[in-house]
Every structure is written in structure tokens, then in C-alpha cells.
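Enquirer: Fold the following and give me the result.
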Amino acid sequence: MSSTRKPDWLKMRPPSGERFTEIKQSLRDRNLHTVCEEASCPNMGECWSGRDGPGTATFMLMGERCSRGCNFCDVETGGMEPLDEDEPENVASAVAEIGLDYVVLTSVDRDDLPDQGASHFAQTIREIKRRDSDILVEVLIPDFQGEPELVRKIIDAEPDVIAHNVETVERLQWPVRDRRAGYDQSLSVLQQAAQESDAYTKTSIMLGVGEYHHEIYQTLRDLRSVGTDIVTFGQYLQPSRSHLEVSEFVHPDVFDTWQQVAEEELDFAYCASGPMVRSSYRAGELFVESVLRDGSDIADARTQARTVK
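Expert: Numbers count the residues shown, from 1 in each chain. A predicted model of the protein is given here:
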């Protein structure tokens, strides 16, 4: 399907509900941002509400504007501002007030800063864990230009899941992403996280930007070869006419097939796959259901995963 007219299976419900309103108000009170809102995520209401488990809110650190200009992303580029020194404490305070058991932290790229914001990111993780060590923290980090010492700052803060998105297959990296990003650079970040930490590692792939099936399969093999535990697939949706055009609306059956390949053939811990799935989609619920499903704690689950590897 080459037409960019959205098919019937791409239907979204507007976010609503008491839980959604509560989280949004807490964020506004502290001048905090979420990637859910800034990137116009279609699952915001569902994730924040948490149907069967811990709700998932993805806090976006270090401002609303990104130093890079990826052709798929709805976050604004340029006009970088100083970091908010109170942000780590404010995020931790919001997490406590909302009562989240599972938190996702991500950020814009901050190539303009001396350490690209790695210390600020790590400080936020530590502040959340200081208040409640039982909270599970997933981080969706930039590539930090592939600098190992900056990735290590994140590792040393001991998040439970370290995610970094490869976004698309190797051939399409630069039409899709900013040229400062890259396939090998992203793989190196994931590999370092897998080798130097006890955290689960995670990535996300967009479909519908012109990739071929054999390229998707090779990407999955490459991700497993560097120790990636979790993968998600979602449909790319064009945020505006100035962004990359949709090449194809991929049928839900194809997403189901890739989930089966990832979990059953390539032994990923779990794969969330569907047209409306995004990298943090129901992250808390799926992690608890798929990784901690037998009632074990995170330390036991980590040990089991690394033993399998």
C-alpha cells in the first residue's frame, strides 16, 4: 500500500480519564515535559492510565527543543536553553506524587552541552531511586555521539532498563535520522549497555519508511548480536508535511509476524509490535508481565536474562 491515506486500523481515541488529568496537572505544576505530549504520541491516555498494571509516563528531560533535526520527529529543533537545575528533583517529586511504580525517562539531544546532558540524566535517575529504590526506571537515552564515558554515566546511575532507539534499518538511517546519528553508533551504545550493566536493554524500530523485510530481519539479528533484550515495532506516522513521507501503512498482521519472529525465533525477552506502538508503549505493564511474570524481583530477572545470554 503506497497511498498515504490512513487505513481503518489506524484509529486513535483522544486521551481522557481521571488518571490522565491527574498526571497532566502534576506535570504542569512543576513545568515538566513528557515525550508523550511533545512527540504527539497516540497512546498517551492508555499508557498514563495503566489498564492492568503500573501506568507509564515518559518524562522528557533537558527542555522542549532538540539539537538535532531528524526527519521523522515532531520535537522542535534549535534554540537550545540552559538546563533546569531543579528538574531532577521536580521529576522525582512528580513521580512520588503521581504514585508511579515504573518511570520512563528520555530526553532531547543536547549536543550543545559539554557532556551532552549525561550527568543531568544520571542525576534524575538517582533522585528517583533515592526517594524510592523499588521504583523501576527505564531510560531512553540519546547516543551521546557514541562516547563510552558518557554512556557509562547512565550505566553507573543503575537504571533497570536502558533503551536507545535504532529507529530504522541500516540503509535508511540518514534519510530518516540526523546525520550525527548512525546505525553502528546506536549498536555500540546498546552493546555497551548490555555488557557493562545489569539492566535490560531495549530498542525500537519504525516500519513504513521504505524498509524491506530482509532488512528488518537483519536488524533484529544485529540487535541480538549486541545483547539487546527487548524490541518494539510501530508504524511511522508523518507529523507534518515538512517531515518524511510515509512509504507504507503496514498491516497489523505483519506486525504480529515480526513479534513472533522476535520472541520465538530470535529469543528477545519480549516484543511489543503494532501500528500504534511506540518505544515506551505500556512499558511498565509489559515489563512486569513479560519479564517479572513469575513474581521474581528485578535482580532475579536480570540474573536469569544474563545467564540465558
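Enquirer: Helix, strand, or coil at the residue nearest the centre of the chain?
Expert: Residue closest to the average C-alpha location in the chain (Cα atoms, centre = their mean): residue 279, at 4.0 Å. Following DSSP: H, G, I helix; E, B strand; the rest coil, we place residue 279 in the coil state.
Enquirer: If we ignore the residues flanking it in sequence, what's nearest it?
Expert: Nearest non-adjacent residue to residue 279, counting by Cβ to Cβ, 6 or more residues apart in numbering: residue 204, 3.6 Å away. (Glycine included, C-beta is placed from N, CA and C.)
Enquirer: picking up where we left off before, the residue nearest to the centre of the chain reaches residue 205, doesn't it?
Expert: No. At 9.2 Å, residue 279 and residue 205 do not qualify as touching, with contact defined as Cβ atoms under 8 Å.
Enquirer: which neighbours do those two share?
Expert: 165, 232, 234 (Cβ atoms under 8 Å, 6 or more residues apart in numbering).
Enquirer: What residues are bridge-paired with the last one?
Expert: So the one you mean is residue 234. Applying DSSP bridges to residue 234 gives these bridge partners: residue 206.
Enquirer: my guess is it contacts residue 168, does it?
Expert: No. Contact status for residue 234 versus residue 168: not in contact, 11.4 Å apart, counting by Cβ under 8 Å.
Enquirer: quick one: common contacting residues for those two?
Expert: With Cβ under 8 Å, 6+ apart, residue 234 and residue 168 have common neighbours 205-206.
Enquirer: pLDDT weak spots in the protein?
Expert: 1-4, 12-25, 27-28, 33-56, 281-285, 288, 293-309 (pLDDT under 70).
Enquirer: can you give me the strands in it?
Expert: 56-61, 65-66, 76-77, 102-107, 136-140, 161-163, 200-207, 230-235, 270-273 (DSSP state E).
Enquirer: Parallel or antiparallel, which strands does the fourth one pair with?
Expert: In the sheet, strand 102-107 lines up against strand 56-61 (parallel), strand 136-140 (parallel) (DSSP bridges).
Enquirer: Among these, show me which one is buried the most.
Expert: strand 56-61 (a mean of 25; mean count of other Cβ atoms under 10 Å).
Enquirer: How far off centre is that strand?
Expert: 9 Å (Cα atoms, centre = their mean, to the nearest Å).
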